Structures are given as structure tokens and as C-alpha cells.
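1. got a predicted structure plus its sequence, pasted below:
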Amino acid sequence: MAKSGGLPLGSPAPHFELPEPLTDKVWKLEDFESHSGLLVMFLCNHCPFVVHLKNDIARLARDYKEKGVAVVAISSNSEVTYPQDGPKFMAEDAKTFDYPFPYLYDKSQDIARAFQAVCTPEFFLFKKDEGKPFELFYHGRFDESRPGNNVPVTGSDLSLAVDCLLSGRPFPNPQRPSIGCGIKWHP
């Protein structure tokens, strides 16, 4: 099990240019510039912490997409050691869960390193003020639910962060780290 940390609040969003296995489209950070917020999620197909949240992640993304927040997911797991997290299976997962966001593959793992991502799931919410680059507003957990802890999945922490971003309010501290499976780095 790994716990998020790393990228400090206020940091600019790292640039990315990654393929989406479902459509073969290449997405860049600049594709989301017109949005007031950008949620970047590090996910994978197999991790029990991600599997536990998949339906609710898709629901939350649909809700906030309608309010102008862009959402993108990235898998950086090594398909060498975890073939089930490779592009073919990512496309299947995106279809199965009807993801309303691009699910991108970071084969080189450079983007995970740029974000200082360490686990799946891991959530980075960036705000966009006019004329400025995306700036990290929230880096934390989805909610307090975990596989087997019998706490209902609500998305409360991430929802509060997005609501604060949209209303121009600061996020009340502390931001609790995401907990999940460690990113599967290349051997």
C-alpha cells in the first residue's frame, strides 16, 4: 500500500501528451485550457483500491464535467510486470465502466514522475484562473472508503474540493492523502 504526497499545492500542472488506447487520440494538457478546473487521476485496471471506486469515479466525473471541470485519467503501470494494466485492457475498462473522460497510457512513466504520483488511485485537482496556467488546488483522497472497511463510497473529499474550486473558496485543510496500490514501475 502506498500513500500520496509529493507535488506541493500551487504547483503548475506538468505538461503531458499521451495516447488514449480506446480512441488512439493523443491528448495534451493544452486540450483542457478552456476549463476552470482539471482533475487528473492516476488509475489502473487491477488495483483493489481503484476497482472499489470505478463506478463512483465515473459518476463524479459525469457530474462535474457538466459543471465545466475537465477530467482525465492516466495509467502509468508497467505492462511488463502487470499486463492487465496495458493499453488493450485499459480500452476495455473504459468501455465497461463507460468512462466519461479520456483514460491515457503513460508507457514511459515520465508523466507519473512529473506529477510525483506514487499510487492508484491518486487525485490531482488543478484550478485555472484566466491568463494563468493550471495550478494545483487539491491533492488527496476520494473519500475515506477502502476495500473491506465497510465505509460507504461517497466521494466526499474530492467533491468538496471540486465544489470549493468552482465557488472560489479555499479548500479547508487538512487535505488527506490518497491511499492505494503503489504505481508498478518498470523493472
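-> Perfect, I can see it now.
2. pretty sure residue 138 contacts residue 161?
-> Yes - look at residue 138 against residue 161 with Cβ atoms under 8 Å: they come within range, at 3.7 Å. Placement of C-beta: from N, CA and C, glycine included.
3. what is in contact with the two at once?
-> 125, 171, 175 (Cβ atoms under 8 Å, 6 or more residues apart in numbering).
4. who's in contact with the second one?
-> What it means is residue 171. Here residue 171 is in contact with 137-138, 160-161, 164-165 (Cβ under 8 Å, 6+ apart).
5. let's see that with 6 Å instead.
-> The neighbours of residue 171, taking Cβ atoms under 6 Å, 6 or more residues apart in numbering as the test, are 138, 161, 164.
6. do residue 111 as well
-> Residue 111 neighbours (Cβ under 6 Å, 6+ apart): residue 16.
7. that one: what secondary structure?
-> For residue 111, the assignment made with DSSP: H, G, I helix; E, B strand; the rest coil gives helix.
8. bridging residues for the most centrally placed residue in the chain?
-> Against the mean C-alpha coordinate of the chain, by Cα atoms, centre = their mean, the closest residue is residue 41 at 0.4 Å. Per DSSP bridges, the residues bridged to residue 41 are residue 73, residue 123.
9. gap between it and residue 54?
-> 11 Å (Cβ to Cβ, to the nearest Å).
10. what's the answer for residue 84, then?
-> Taken as Cβ to Cβ, the span from residue 84 to residue 54 is 14 Å.
11. same question for residue 131.
-> 36 Å.
12. looking at those two, which one has more neighbours?
-> residue 54 (16 against 5; other Cβ atoms under 10 Å).
13. so residue 78 makes contact with residue 186?
-> Yes - the criterion here is Cβ atoms under 6 Å, and residue 78 meets it with residue 186 at 4.6 Å.
14. show me the shaky parts of this protein.
-> 1-5 (pLDDT under 70).
15. returning to that earlier point: who has more neighbours out of residue 78 and residue 186?
-> residue 78 (16 against 12).
16. and that one, helix, strand or coil?
-> coil.
17. returning to what we had before: next one: the residue nearest to the centre of the chain from residue 56, what distance?
-> 12 Å.
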